[in-house]
Each structure stands twice: as C-alpha cells, then as structure tokens.
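[1] The sequence isn't on hand, but the structure is:
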C-alpha cells in the first residue's frame, strides 16, 4: 500500500496587519500559497498602501511586528 503525505497548512495569522520590520510598510497577511523545500511556506500578502500583492516567507512574517 502506498501512503501519500498530506500537506496541511501551518497556522497563519490571516487578516492581521503587520510591518516589514519595525518601520517598514504595513501589509495584510493572506492565505498560505505553497510549502518550500526547506519546510518554510510562502504566504500571500497585500501591501496596504499600494495594494501590491506578493508571496512572503512565513518564517519572516512571524517575526515581523504587528502594525500599530
């Protein structure tokens, strides 16, 4: 019997507004996009000021501060 690994998404603060570092622009956290080879995840984000979307590493996102 062949067992297939399931790809469960990690806990992600979807909807939370965070900043790139202490003084960087604010962004809104979206849904996880895909798992990377190093077991990190890419998460879709939206930069609040410009509306630009991008994929951002979950490990970095979790270390960024919440926007005030």
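    Done, it's in. What you see is a predicted model, and the numbers here were worked out from it, not measured in a lab.

[2] Which pLDDT value goes with residue 17?
    At residue 17, the pLDDT value in this model is 98.

[3] ok, now residue 8?
    At residue 8, pLDDT is 87.

[4] So it, which state does it fall into?
    Following DSSP: H, G, I helix; E, B strand; the rest coil, residue 8 is assigned to coil.

[5] neighbours of it, just the number please.
    7 (other Cβ atoms under 10 Å). (Glycine included, C-beta is placed from N, CA and C.)

[6] go on, the one 4 residues further on?
    The criterion is other Cβ under 10 Å. On that basis, residue 12 has 17 neighbouring residues.

[7] Chain neighbours aside, what residue packs nearest to it?
    residue 32 (5.4 Å; Cβ to Cβ, 6 or more residues apart in numbering).

[8] count of neighbours near that neighbour?
    Residues within reach of residue 32, counting by other Cβ under 10 Å, total 19.

[9] again with the one 4 residues further on
    Using other Cβ under 10 Å, residue 36 has 12 other residues around it.

[10] if I look at it, how far off is residue 52?
    As for residue 36, its distance to residue 52 is 21 Å (criterion: Cβ to Cβ, to the nearest Å).
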